[in-house]
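# with the input below, show me the fold.
(one chain, ligands or ions: 1)
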Amino acid sequence: MIPGRPLRWMVTHVIDITGQNPAYRLTHRHHLEFPRVLPQCQLNLDSMNQTSATIDWHDALDLGPATVLTGIERGKYPHGNSVLVTGTNERVLIDPSLTVAELGRSFEVDRIFLSHVHEDHIPGMSLFPTVPVSCHEADAVGLTSIDGLMSMYGLPSEIEEEFRQEVLDDFSYAPRPDVSTFTDRASFDLGKVSIEVVHTPGHTRGHCAFVIPEARAAFLGDIELSGFGPYYFDACSSLESFERSIEICGQIDADHFVTFHHKWVISGRELFLEMLRDFARVITERESAMLRFMSEPKSIEECAAHRFVYRPSVDLKFVRHVETRSAQIHIDRMLKDGRILKATESSYRAA
Ligand SMILES: [Zn+2]
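The predicted model follows:
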């Protein structure tokens with residue numbers, strides 16, 4: 001989900017430098033209580049009128065009609081946690097991860113749903129080239145062509161070329177111009193089990209959460225509750241939309257909240273709401289830090305160089321791009337609401 005973070009940099013350099021993925025600084029503030037983990041999930045579908053297919057997944061999590069296909073390192077980028085939802089008539093795979101792609105096709109699915117179109121949410125689709133795929137209409141452009149996907153990131157050309165190749169090679173990107181689309185509040189009946197779409201834009205324009213009422217579960221995609229905070233730095237991202245989507249997530253009625261990366265499964269609504277508040281607070285803390293920094297006039301370039309997103313120790317090509325995007329986004333917003341003023345043609349200061 002982070003633009004310009006080709007795997008070779010992320011996995012080798014970053015972890016070498018910082019000991020962790022820069023995108024996901026786990027805070028360890030939260031103690032999670034996990035539901036039942038099946039050491040070897042053998043979901044027998046005979047009882048659900050399906051074919052005799054069973055899934056064989058090393059650490060699946062059973063939430064009744066929803067099964068979390070836990071990704072390598074609990075979905076640490078470039079991996080992720082996918083979800084399989086099984087009804088009496090149909091079975092849907094949500095966000096087929098790189099782990100799904102690597103472990104191979106051990107189960108059948110009737111449809112694929114995507115929370116949004118980003119490189120790490122689609123690699124497992126390569127195992128199901130003829131299975132119908134659906135995403136929100138605002139993200140469909142990312143599936144119609146690699147150019148469409150690249151337009152969603154909006155990377156500078158010096159980064160884009162290498163990243164485009166990684167998306168093709170490492171994430172098995174293949175265009176699916178046959179993608180069908182859904183909109184907010186769409187509901188799909190899989191037979192005694194349903195999936196409800198909740199449009200939660202911000203990370204991308206078409207980002208959606210999925211609620212599976214019969215499992216008391218919600219899949220949150222990249223509203224991933226990590227200490228890094230919301231990621232809203234792509235060309236098709238929106239900070240304001242992300243903030244509204246966080247509020248919408250706070251109203252979801254479920255007991256289990258599944259994130260694609262890292263946090264994996266949060267059980268208990270109170271804990272989830274606390275983590276959601278912490279996640280949102282990253283934005284307000286970023287703006288407070290910028291305001292302190294801007295007690296003297298500062299340019300966008302100075303804000304980007306100071307870094308309000310990544311730690312100073314992170315030395316990667318895309319950091320400058322993301323920091324500049326972030327500085328621009330927050331300066332625009334704080335200028336508009338009067339928290340900062342234009343000091344000179346190219347600098348700003350706290351009001
Ligand atoms: Zn993403």
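
# going by C-alpha atoms from here, please, whenever you check contacts or count neighbours.
OK.

# what sits against the residue nearest to Val131 when sequence neighbours are not counted?
Excluding its sequence neighbours, the residue lying closest to Val131 (Cα to Cα, 6 or more residues apart in numbering) is Arg111, at 5.7 Å. Contacts for Arg111 (Cα atoms under 8 Å, 6 or more residues apart in numbering) come out as Glu90, Arg91, Val92, Leu93, Val131, Pro132, Val133, Ser134.

# in the protein, what secondary structure element scores lowest on mean pLDDT?
For the chain, counting by mean pLDDT, DSSP states H and E, helix 15-18 ranks last in confidence among helices and strands (a mean of 34).

# domains in the protein, as residue ranges please.
Structural domains annotated on the chain: 7-284, 285-350, as defined by automatic domain parsing.

# what's the closest of those domains to the ion?
Closest to the ion of the domains of the chain is domain 7-284 (Cα to the ion; 5.0 Å).

# helix, strand or coil for Leu335?
helix (DSSP: H, G, I helix; E, B strand; the rest coil).

# hmm, it is touching Ala343, no?
No - between Leu335 and Ala343 there is no contact under Cα atoms under 8 Å: 11.1 Å.

# quick revisit: out of the domains of the chain, deepest packed?
With neighbours taken as mean count of other Cα atoms under 10 Å, the domains of the chain reach their highest mean count in domain 7-284, at a mean of 19.

# pLDDT at Ala174, what is it?
Ala174 is assigned 97 on the pLDDT scale.

# and it, helix, strand or coil?
Once three-state DSSP is applied, Ala174 turns out coil.

# which one's the longest helix in the protein?
Ordering each helix of the chain by length in residues (DSSP state H) puts helix 269-293 first.

# how far off centre is that one?
Offset of helix 269-293 from its chain centre (Cα atoms, centre = their mean, to the nearest Å): 17 Å.

# check stretch 157-166 too.
20 Å.

# and if you look at stretch 66-79?
Taking Cα atoms, centre = their mean, the mean C-alpha location of stretch 66-79 is offset from the chain mean by 12 Å.

# over to stretch 336-351?
Between the centre of stretch 336-351 and the centre of its host chain there is 33 Å, according to Cα atoms, centre = their mean.

# related to what we said a few turns ago, packing partners for the longest helix of the chain?
In terms of contacts (3 or more Cα pairs under 8 Å, 6 or more residues apart in numbering; DSSP states H and E), helix 269-293 is packed against helix 239-249, strand 347-350.

# kindly recompute the last result at 10 Å.
helix 239-249, strand 256-258, strand 265-267, helix 300-306, helix 317-336, strand 347-350 (3 or more Cα pairs under 10 Å, 6 or more residues apart in numbering; DSSP states H and E).
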